[in-house]
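Engineer: Got a predicted structure plus its sequence, pasted below:
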Amino acid sequence: MCHITSTTQSFKFSKLEQLQLLNHAPRTALELFQCIPDCDARLSEEEQESIIQLETAVTVRLPFGCSGVGTVLDPGAEGPELAPGASVDVPLWLAASLANRRQAEVELPIFYGSKMRRKMKAGAGCEDLRVRCPHYYTVAAKLHETMVDGQNADDTFPPFILSVLRSRYKELLSRAITIDNNVEASSLQARLSLEELALFDAGAEGSNRYEAWRAGQGAANAALVRSNSLKRKWSEDQKENAPINAP
């Protein structure tokens, strides 16, 4: 039986957690949800993204250790038990579940650490967030919530994320409407988190629509000027050809 023990309590993993941990189901949570009989496999794109976000690996410390799943949580473990204080990498969805039961303390991944925080000040595109964490900001929010549940939250973490989002938001919108080199744009897009990519693409699309509107307005104005010119010419011709009435 899969369980984590402490000096005061013992609990079992849920069936969903056991299926995932013991590898009795496909590797990813998305595939797992789609193979459950009572689950609607026609998940929306937003729901699929939400599941993928929760697959992000994070390091947790098990203050009370665990038994039964030691080699599953840590393939390098010598047996099914992990000693109190052991650290293992688990999906965020499992870390959240354990932290909520006070059975794990979540550590900030390196892509949210002090070194990364200094690098992020250099501006958008300075770090490849797509490789480090595709859902950088969404995962950050869930991670902080998990750390609060585990009572080991980092008070400097939310201000850092908010500061980065604000500065990069302005920079990305500015570059989206001014960048005119496709190679440079593609290089930048490949390094952005998926949230930043959506923002950049929205800015670029808005800029393109505005330019198209301006071009259309210019053509419409030119047509109007030509139409007015033709009307004046027609009026002048009518006056010149009008018969002169004898007195």
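Structural biologist: Thanks, I have the structure now. Numbers count the residues shown, from 1 in each chain.

Engineer: contacts and neighbour counts: CA atoms only from here.
Structural biologist: Will do.

Engineer: for stretch 62-74, which positions count as buried?
Structural biologist: Going by neighbour count (16 or more other CA atoms under 10 Å), the buried part of stretch 62-74 is 62-67, 69-74.

Engineer: Take these and keep only those in helices.
Structural biologist: Among the buried residues of stretch 62-74, the ones falling in helices (DSSP state H) are 70-73.

Engineer: I'd like the residues you listed as JSON lines, with distance to Leu162 and pLDDT appended.
Structural biologist: Shown next, in JSON lines, are those (distance: CA to CA, whole Å; pLDDT from 0 to 100):
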{"residue": "Gly70", "distance to Leu162": "37", "pLDDT": "76"}
{"residue": "Thr71", "distance to Leu162": "38", "pLDDT": "77"}
{"residue": "Val72", "distance to Leu162": "36", "pLDDT": "78"}
{"residue": "Leu73", "distance to Leu162": "33", "pLDDT": "81"}
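
Engineer: Quick one: classify Glu55 as helix, strand or coil.
Structural biologist: Following DSSP: H, G, I helix; E, B strand; the rest coil, we place Glu55 in the coil state.

Engineer: how many other residues sit next to it?
Structural biologist: Using other CA atoms under 10 Å, Glu55 has 18 other residues around it.

Engineer: Can you tell me how far it is from Glu49?
Structural biologist: Glu55 is 10 Å from Glu49, where distance means CA to CA, to the nearest Å.

Engineer: quick one: the strands in this protein?
Structural biologist: Along the chain, the stretches classed as strands by DSSP state E are 3-5, 10-12, 57-62, 66-67, 81-82, 86-91, 105-106.

Engineer: strand partners of the last one, parallel vs antiparallel please.
Structural biologist: As defined by DSSP bridges, the strand partners of strand 105-106 come to strand 57-62 (antiparallel).

Engineer: For the strand it pairs with, give the mean pLDDT please.
Structural biologist: What strand 57-62 shows for mean pLDDT is 91.

Engineer: can you check stretch 170-181 too?
Structural biologist: On average, stretch 170-181 scores 85.

Engineer: Stretch 98-112 too?
Structural biologist: What stretch 98-112 shows for mean pLDDT is 90.

Engineer: residues in contact with stretch 80-97?
Structural biologist: If you take CA atoms under 8 Å, 6 or more residues apart in numbering as the criterion, stretch 80-97 is touched by 17, 54-74, 104, 106, 143, 146, 149.

Engineer: Return the set of buried residues in it.
Structural biologist: Residues of stretch 80-97 classed as buried: 80-82, 86-97 (neighbour count, 16+ other CA under 10 Å).
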